Structures are given as C-alpha cells and as structure tokens.
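Novice: pasting the sequence and the predicted model now:
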Amino acid sequence: MRRGSRVARLLLAAAFAAPGAQAQERGIPLDQLKSGSAFLGQDLGALQADEFANPGMLWVERGAKLWREPAGKKSLACASCHKEVNMRWVAARYPRIDSRSGKLLNLEGRINLCRAQRMGAEPLRYESDELLALTAFLARQSRGVLIAVSIEGPPRAHFEAGRASYDLRRGQMNLACSHCHDANWGKRLLSETISQGHPNAYPAYRLEWQTLGSLQRRMRACLSGIRAEMLPYGAQEYLDLELYLAWRAQGLPIETPGVRR
Amino acid sequence: MAARIQIPRQAKRGELVEIRVLIQHPMETGFRHDDVGHLIKRNVINAFSCRYNGVEVFSADLSSGIAANPYLQFYTVAEASGNLEFTWIDDEGVQGSERQPIAVSG
Amino acid sequence: MKRREFLAGLAGTLASPGAALAQADALDPPAWVTYGAPVRKGKVKLELPQLADNGNSVPIRITVDSPMTAADHVKSIHLYSERNPVRNMANFYLGPRAGRAEINSRVRLAGSQRVTAVAQLSDGTFWSDTAPIVVTLSACLDES
C-alpha cells in the first residue's frame, strides 16, 4: 500500500473525528482495510487492470454515450447540466441525502430522481443495461478517489439502521454480514477466500453472472447464499446498508468497474 | 451489439498490427437453467470475421467454449490505408459490425 | 523375452482399457480436422494458467512458430477440450496476411482437464500442443 494513500486515509479519519463518529467501533480498523481486488488471482487482477479488455468497460463506454443522449419530455441529456469533469467526486460521496426530498439516495436513485424531476424521463430499472451503464460510467469518473461519505446529521439514522442490518443474524444459516466479512475475512470458504465485503469496485463484472451487476445485486446474492429472504431492488434496507458499507470502506479508492468471481 | 476495437491509428507498411476486440454478448451456453428450472436456450456468436479493405485476413468459428463478452486478439500486416471491418453473427441471426480506419505510410 | 513383454503389455491394456481409450479420444483431433493425417507435437505453443481463478473466463494464448509467408504459413488453428460439453471450442483461420500466428482469447472450462490446439500449415501438415489446467469452479456445470 502506498504511503500517500495511508496518510490520506488517516487524515480523512481525523477529519471525520466528530465525537459521534469517533465513538463508532469499526469491525475492521481503517489501517487493515483491503479492497476486494486484493483477493483476486493473478489473471483476474490483470483483467481488471486491462483498460481495454476489462468487460465492465463495455458498460462504461455505453454510459458515456447515454450521458450525452437527450431523454424524456424535456429532451435534456445528463451532459446538458453536468460537465463530466465535475462528476469526479460524485461516486465516492454516495450514498447521500438529497437536500430537497430528504431521502437517502444511492447513485441509481440519484440518476432516476434527476430523470424524473429535471428531464421528464422514465426511471431506469435496476440491472437494466442503461442504468448499469450510467452508474458504471459515473463511478468510473471517481476512479482512484477515496471513499468518504457523511454520516453526521440527516444521514445518521440511516447509518444506524444500516449498521443494525449488517449485524443482524438472518436466514436459514442464521448469519450476519459481520460473521463472514468482519470476523472471518481472509479465511477459506470452500474454494474461495472470504473478502472484507467492500463496495468500492461496484458496479462490477462478476464471472458468476457473466455480466456487470450492481452492489444491490451482490447483496441479494449474499442473502440468497445464507438462505435469507431477498428484498426487492431499491428497498430502504439496502440503501441503509449501502451507506454503512461506504462508511466501513472509508478511504478505499473507487475501482469501478471491478472484476469479481 | 456493443463492441470495443483497439487498433493503432497509423502504421508503417509491412509493420505488424495488433488487433484487440471485445464484444458485448452473453454467449449463452445452453447448459444454464433459469430460476424456475427451465433450460436457457443456447445463443453464442458462432462466426467472426475481419476484413482489411474488403479482403478477409482473419476469421473464427466460436462456440459456447468462448467466455461471455468474447475477447479476441490477433494480428495482421499493415498494407494500405483504409478500413478494418469486423463482422459477427450469433445463433439467433443477429449481426454486429464495427469499422475502424487505419492510416498506413511508406 | 518377447512373450513376457507381450503378456505385460496385454495385462496393462486389460487393467485399464477404458482409460486407454479415453486418453486416445481426448487428445485426438476430430476426424473432420485432419482426415486421419498424422498430428505431430511441436511448433504450436498453448499457454494456459496452471490454476484457473474461475472456469467461466480463463485467458488463453496460442502461438505457432511460422514465418507466415505466402509459401509457409498457418492456415488454421483448432482448439478443443477434453471435458467441456462442446469439445471443439473454436477454430481460427489465418493466412499469410496475419503476419503472426498468435491468438489470445478467454475461454470457458468445465473442470480440470487438458486443452489441445492443433494447427494446420500451408504444406498440409498438422502440429499440436496440449496444456493441463486445474479448474475448481467449472463453467457450464457449476451453476448458481
């Protein structure tokens, strides 16, 4: 790990050291954080790093086109209001509260809110090619930017709900996220090594899906794996969890599009 | 069908040109089942061709043994300025194509 | 001496006739590729990782030692699998305009096995290389 990024992370931790935040116990200390990319084998690591051949780039490229395409009743494109260069920090700061509605939004929610309110366009479905392309493109703009979400003030209640969800035992196997990803990361589960469960490379190209998928799709796959009920896409519990996961991954760089098994 | 092509913009006559292709396609094997247990029908890109100024310089028969979102890297020799044209077709008859210009000097 | 060798050979065949047959099957190219012409080892280099991260996408490189001139070049390369449900994985057609007989791609592998590449040269000869690979999570067969 580069010294520069470690220093940056410690500075960020200090910056968020309001009394409330400091009191939060971390399941994994900040200096032990490892991106999912650290758990890839040599070939998949090389594929992820390959600017051309990373399959996720197919969606990033499509997202770049969609960004400039007018849509909806007002015939506006995302690019009509947003310059790409100003989007560099966006993905690393989400999920966040929308000031007008007071709702917690992830990238998908933000895109759909913009489409509804400003473009007069239909919302895009989770896991649709278009929404994946736009979120992949947006997150890609933040490549290398360290995750830093706010949990003080309005997001606080969501953060606490997300934390409670992360620690909740559920499903036939009666497991909480923390059992695998806090207590047993680095250990083997069948032929796989358990990662720390960070969101910093999503949307990611997962070999098992043989396509790009969102963070919520990955969370649903975990729930299915422990034989727990999968809530529908866009459920509030997923959003709260996304905020908690982003806080938990504070200081990790965005690596979208990741390649995962 | 979305695809990415990487070739050098220019080359010297006689120089080796590296061509990289990445095509968005599920390459559905026909061996997977959906969530209610029905077999998902096979649909793969079964033929791919690269033409350089109209002359085929590379082609391939592909099958379900090629990974989803197929990646191909092959070579040709820079001859004359013009276009490299890539075409492919899948089991359902859906065709895809891309074209990239190349400037050859000397 | 001869009779002892003969009996030893016979015993060997009887001990594992299935295995011997399976071995011959797996490594021989399909009949329509070579039409019974002999396939020699050499000239072809098939590169696969020793252990696949995941059978759904395994990087592969096939290189054939050839000057790729009009007089002496690779006409085609055939890739096939020992264990995949579809044995003939791909065929690549080159020619002198290819410049270099090298293909890179990503393949699916259904379990640990040997993969073989057979090249046909312009002089009508066939050459091959085989590479083993360990796959813990199989494509096609391990579904989720």
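Specialist: Structure's in. What do you need?

Novice: where are the low-confidence patches of the chain?
Specialist: Here I'm looking at chain A. A:1-23 (pLDDT under 70).

Novice: wrong chain, I was asking about chain C
Specialist: C:1-29, C:138-144.

Novice: residue contacts, residue 62?
Specialist: With no chain named, the answer covers chain A. Counting by CB atoms under 8 Å, 6 or more residues apart in numbering or on different chains, A:R62 touches A:D129, A:E130, A:A133, A:F137, B:A2. No exception for glycine: its C-beta is placed from N, CA and C like everyone else's.

Novice: the intended chain is chain C.
Specialist: Under the criterion of CB under 8 Å, 6+ apart, the contact partners of C:I62 comprise C:V44, C:K45, C:L46, C:E47, C:I77, C:L79, C:F92, C:E102, C:I103, C:A117, C:A119.

Novice: get me the contact residues on chain B for chain A.
Specialist: Within chain B, the positions adjacent to chain A are B:2-4, B:6, B:20, B:22, B:24, B:26-27, B:67-69, B:71 by CB under 8 Å from any CB of the partner chain.

Novice: from these, which would you call buried?
Specialist: B:A2, B:A3, B:R4, B:R20, B:L22, B:Q24, B:P26, B:M27, B:A67, B:A68, B:N69, B:Y71 (16 or more other CB atoms under 10 Å in any protein chain shown).

Novice: surely the third one is in a helix?
Specialist: Looking back up the chat, that one is B:R4. No. Residue state for B:R4 (DSSP: H, G, I helix; E, B strand; the rest coil) corresponds to strand; a helix is not indicated.

Novice: so it makes contact with B:P70?
Specialist: No. At 11.3 Å, B:R4 does not count as touching B:P70 under the criterion of CB atoms under 8 Å.

Novice: show me which residues of chain A sit near chain B.
Specialist: Counting by CB under 8 Å from any CB, the residues of chain A that sit close to chain B are A:F52, A:A53, A:P55, A:M57, A:L58, A:E61, A:R62, A:Y205, A:Q210, A:T211.

Novice: burial of A:V259, as a residue count?
Specialist: Applying the criterion other CB atoms under 10 Å in any protein chain shown, we find 29 residues in the vicinity of A:V259.

Novice: need the contact list for the spatially closest residue to C:G99 that is not a sequence neighbour.
Specialist: Excluding its sequence neighbours, the residue lying closest to C:G99 (CB to CB, 6 or more residues apart in numbering or on different chains) is B:V77, at 3.9 Å. Listed by CB under 8 Å, 6+ apart, the contact partners of B:V77 are B:G14, B:E15, B:L16, B:V17, C:R97, C:A98, C:G99.

Novice: go on, A:Y166?
Specialist: Residues in contact with A:Y166, defined by CB under 8 Å, 6+ apart, are A:A176, A:C177, A:S178, A:L241, A:Y244, A:L245, A:R248.

Novice: out of those residues, which are close to chain C?
Specialist: By CB under 8 Å from any CB, no member of the contacts of A:Y166 lies near chain C.

Novice: return the residues of chain C in contact with chain B.
Specialist: By CB under 8 Å from any CB, the part of chain C that sits against chain B consists of C:56-58, C:79, C:81, C:84-86, C:88-95, C:97-100, C:102-109, C:139-141, C:143.

Novice: narrow those to those in strands?
Specialist: C:58, C:79, C:81, C:88-93, C:102-107 (DSSP state E).

Novice: re the thing from before, take the residues of chain A next to chain B and keep only those in helices.
Specialist: Using DSSP state H, the members of these that fall within helices are A:M57, A:L58, A:E61, A:R62.

Novice: please report the distance of the closest residue to the third one other than its chain neighbours from chain C.
Specialist: Once flanking residues are discounted, A:E61 sits nearest to B:R4: 6.4 Å by CB to CB, 6+ apart. Relative to chain C, B:R4 is positioned 14 Å away (criterion: CB to the nearest CB, to the nearest Å).

Novice: hey, what's B:R4 bridged with?
Specialist: Here B:R4 sits in beta bridges with B:L22, going by DSSP bridges.

Novice: so which strand or helix has the closest residue to chain A within chain B?
Specialist: Per CB to the nearest CB, B:A68 is where chain B lies closest to chain A, at 3.7 Å. Here B:A68, judged by DSSP states H and E, is contained in no helix and no strand.
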